[in-house]
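Colleague: pasted the sequence and its predicted model underneath.
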There are 2 protein chains.
Amino acid sequence: MQFDRISFLKQLKARKERIEQHLLGCLPVDAYPPVIHQAMHYAVSNGGKRLRPIMTAEGAVLAGMPDQLVMTTACAIEMIHCYSLVHDDLPAMDDDDLRRGKPTCHIVFGEANAILTGDALLTRAFELMAANAAEPGIDPGNAVRAIREVAAAIGSSGMIGGQVLDLQWVGQQIELKDLQCLHLLKTGALFQAALRAGAILAGMDEERLKALDDYARHFGLAFQITDDILDVNGNEELIGKPVGSDQKNQKTTYVSLFGLEAAHDLARQSAEQCLQALAGFGREADFLRNLVCFILQRDN
Amino acid sequence: MQFDRISFLKQLKARKERIEQHLLGCLPVDAYPPVIHQAMHYAVSNGGKRLRPIMTAEGAVLAGMPDQLVMTTACAIEMIHCYSLVHDDLPAMDDDDLRRGKPTCHIVFGEANAILTGDALLTRAFELMAANAAEPGIDPGNAVRAIREVAAAIGSSGMIGGQVLDLQWVGQQIELKDLQCLHLLKTGALFQAALRAGAILAGMDEERLKALDDYARHFGLAFQITDDILDVNGNEELIGKPVGSDQKNQKTTYVSLFGLEAAHDLARQSAEQCLQALAGFGREADFLRNLVCFILQRDN
C-alpha cells in the first residue's frame, strides 16, 4: 500500500471536522452556572488533532456500523483527553501556562475552576457514553461494556496511573521498561480504549478486538516516540543527554535514552507492528494503516 | 409512627458496616502504582456516615430487589462523594487541612496526587456502576439509565455546578433562592441520584421514582440546614449575622440568613415534606422515614 499524504490529509480533515461539529453539540452553551460551561467549551476548543475520537469512529466502521451511531462516544473520548490535559497543566502538576500557543484553562479561568472543568468534562464523558446506548442498533450490554472498559483504561491502573508515574519520575533517569510502562498507561491506554469502544458498540468479535488492541498499543508507542522527537526540535542540546540534577524538570524520553536516529528507528518498528496487527483486515482498515504512516511523518 | 432512636441507630450501624465492607472490596489494594491506590483507600476510609450509598441500597429494597444486587453502585455513589470531598478540600478550593479530625488527602499525599486521587475515585465509580450490570437480574438498559442519571446529577449542571457557585459566592451575602439553588446542586443532586440509582436498577415505575425525587430533594435540604446549625455550635457569633467584608471566607447559611430558631423550623418543615413524599409507600419505607427523624436530631 502506497501512502498518499495529500489524499490522506483530506480524509483526516473531514473526519476532524465531523468530530468537532458533534463535539460542540455535546456541550450545553447556555447552561447555568455560565463560567464552568464556558471553561468546558474553552478546554475542548483547543485545536487538537482529534485522533482518539477518530479512532472510535473507525472502530465502529471496521465492525460494519455507520460511525454516526458511535459519534457520541467518540466525543466522550475526546472530552476525556481534554480533561486529562486540563488537569495535567495545573500548577500542582506540570504547571504549564500555554497549550498549543493558547493560555491554559487555569490561566484563563483560575485554578479552582480548572480543576472543576476537568471533573466536569470527565463526568460529561460518562453521561455521553451512557446516552449513546439510546442510538438505534446499539445493544445496551455493549454500551455498558464500553463504559466499563473506558473507565478501567483511564483509571488508577491506566491513564491516571501513568500521570502519577510521570510526576513521580520528573528529573529522574529511568530505564526503558519504566518509560514503556509509563507511556502504555499515560498514552496507550486511552488510544486502545478509544478504538475498542467504537468496535465494541458495533459488536465486533473478540479475535478482531484483540487485533485492534495490538494496533492501538503500538500506535500509542509510535505516537509517543514521534512526540519525543518533535519535542527536541529546537532543543537539540537534550538529544542523548541523560536526565540529571541540572535539568530538574526534565523527563526521560526515547530521545534522551537512545538519541534521535535510534528513536526514529523505534518509531518505524512500532509502525510496522501496527500494520502487522491489521493483517486480518481488508481495505476497510486502510485509514488506520495510513494513520500510522502519517504519524511517522508528523510535524506537530 | 414513633421514632425509636436506639433501635434506628442499630439499623443504621449495620447498614454502614455492610457498605464499608463492600467498599474496601471495590478498591484494589496491591495495584500499581502504589501511591494512588493508597491515597484512594485513605480518601474513602474517612469515617463518613455513608448515607448516600445507604440510600442507593434502600432504593432497591423499596422496588423489591435485594440490596446486595446494587451494592456495587452504592459503593460507586460513596466514591463520588469522597472524590468531591478530596477536590473541595484542595488548596485552590476550600483549602482545608483537616476533615473529620484527620489530615486531608493533599496534606498526606501532596496536591498533585490528591487531584489525581479525586479523578481516580470518580473514574472508578463509573467503572463500578458499569460492572453492576453483570449482576443477575439487572437489566443492562436500567444500568445505562442509572449511569446517565448519576453523571447528569454530579456534572456541570449538578454537583460540580454547585461547587462552582459555592466558590463564587464566598464572602458574599446571597438571597434565600440562591442558597437553595446552591444546595440543591451541591448536596441535593447526589442524594437524589443515589436513591434513584438503586430504584432504577431494581426497575421501579416512574410514579414511585417521582415520589423518591421529592423525598430526596427535601432530605437534602433538611440535611444542609442541620449541617448549618451544627456548624454554629461553638461559633455563636455567626448566628443571624450577615456575611460581610470583615468575614472574608464566610459563606451564607440558613442560620446566618434567619437565625437558629427559624433554621430549626425550616429543617422540620423539610422533614415533614419528606414524610409526605413517602405517603404512597408502606412499612418498607420506614427506614427512610426514620432517617429523616434522625437527621433532625443529628449531632455530627
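Modeller: Happy to help now that I have it.
Colleague: all contacts plus neighbour counts: C-alpha atoms, from now on.
Modeller: Noted.
Colleague: chain A: strands as residue ranges?
Modeller: Counting by DSSP state E, chain A has strands at residues A:98-99, A:102-103.
Colleague: dump the ones you listed to a markdown table, plus mean neighbour count.
Modeller: A markdown table is the format used below for the strands of chain A (neighbours: other C-alpha atoms under 10 Å in any protein chain shown):
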| stretch | mean neighbour count |
| --- | --- |
| strand A:98-99 | 14 |
| strand A:102-103 | 13 |
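Colleague: may I see those strands arranged in a markdown table, with mean pLDDT as well?
Modeller: Below are the strands of chain A laid out as a markdown table (pLDDT from 0 to 100):
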| stretch | mean pLDDT |
| --- | --- |
| strand A:98-99 | 96 |
| strand A:102-103 | 97 |
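Colleague: output the ones you listed as TSV; include the columns distance to chain B.
Modeller: As requested, these are exported to TSV (distance: least, C-alpha to the nearest C-alpha, whole Å):
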stretch	distance to chain B
strand A:98-99	19
strand A:102-103	18
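Colleague: in JSON lines, list these along with distance to residue B:168.
Modeller: Formatted as JSON lines, these follow (distance: least, C-alpha to C-alpha, whole Å):
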{"stretch": "strand A:98-99", "distance to residue B:168": "25"}
{"stretch": "strand A:102-103", "distance to residue B:168": "22"}
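Colleague: and residue A:51, what does it touch?
Modeller: Counting by C-alpha atoms under 8 Å, 6 or more residues apart in numbering or on different chains, residue A:51 makes contact with residue A:16.
Colleague: and it, how far from chain B?
Modeller: Separation of residue A:51 from chain B (C-alpha to the nearest C-alpha, to the nearest Å): 22 Å.
Colleague: do residue A:31 as well
Modeller: Distance, residue A:31 to chain B, using C-alpha to the nearest C-alpha: 7 Å.
Colleague: quick one, what contacts residue A:145?
Modeller: The neighbourhood of residue A:145, defined by C-alpha under 8 Å, 6+ apart, consists of A:200, B:130.
Colleague: against residue B:88, how distant is it?
Modeller: Relative to residue B:88, residue A:145 is positioned 31 Å away (criterion: C-alpha to C-alpha, to the nearest Å).
Colleague: please name the nearest non-neighbouring residue to whichever residue of the stretch 201-300 of chain A sits closest to chain B.
Modeller: Residue of the stretch 201-300 of chain A nearest chain B, by C-alpha to the nearest C-alpha: residue A:201 (13.3 Å). Nearest residue to residue A:201, sequence neighbours excluded (C-alpha to C-alpha, 6 or more residues apart in numbering or on different chains): residue A:142, at 5.3 Å.
Colleague: tally of neighbours for the residue of the stretch 201-300 of chain A closest to chain B?
Modeller: Residue A:201 has 29 neighbouring residues, counting by other C-alpha atoms under 10 Å in any protein chain shown.
Colleague: wait, doesn't it sit right on residue A:60?
Modeller: Yes: judged on C-alpha atoms under 8 Å, residue A:201 makes contact with residue A:60 at a distance of 7.0 Å.
Colleague: residues near the nearest residue to residue A:285 once chain neighbours are set aside, how many?
Modeller: Closest residue in space to residue A:285, ignoring its immediate chain neighbours: residue A:62 at 6.7 Å, by C-alpha to C-alpha, 6+ apart. Residues near residue A:62, counting by other C-alpha under 10 Å, number 23.
Colleague: just residue A:12 next, same as before
Modeller: Taking other C-alpha under 10 Å as the criterion, the count of residues near residue A:12 is 18.
Colleague: do you know how far the residue nearest to residue A:204 when sequence neighbours are not counted is from residue B:276?
Modeller: Leaving aside its chain neighbours, residue A:204 sits nearest to residue A:63 (5.3 Å; criterion: C-alpha to C-alpha, 6+ apart). With the distance defined as C-alpha to C-alpha, residue A:63 ends up 52 Å from residue B:276.
Colleague: who's more crowded, those two?
Modeller: Neighbours were tallied for residue A:63 and for residue B:276 using other C-alpha under 10 Å; the higher tally belongs to residue A:63 (20 against 14).
Colleague: wait, doesn't the more buried one sit right on residue A:207?
Modeller: No: if you go by C-alpha under 8 Å, residue A:63 and residue A:207 don't touch, sitting 11.9 Å apart.
Colleague: and the pLDDT at residue A:199?
Modeller: As predicted, residue A:199 sits at a pLDDT of 98.
Colleague: try residue A:299
Modeller: Reported pLDDT for residue A:299: 79.
Colleague: how many neighbours does the residue nearest to it when sequence neighbours are not counted have?
Modeller: Counting by C-alpha to C-alpha, 6+ apart, residue A:299 lies nearest to residue A:230, which is 7.0 Å off, once chain neighbours are set aside. By other C-alpha under 10 Å, the residues close to residue A:230 number 15.
Colleague: surely residue A:230 is in contact with residue A:300?
Modeller: Yes: in this structure, residue A:230 sits in contact with residue A:300. The criterion is C-alpha under 8 Å, and the distance is 7.0 Å.
Colleague: in stretch A:87-95, what's buried?
Modeller: Burial within stretch A:87-95, assessed by neighbour count using 16 or more other C-alpha atoms under 10 Å in any protein chain shown, is assigned to A:87-94.
Colleague: need the nearest residue in space to residue A:214, chain neighbours excluded.
Modeller: Sequence neighbours aside, residue A:277 is the residue nearest to residue A:214 in space, at 5.8 Å (criterion: C-alpha to C-alpha, 6+ apart).
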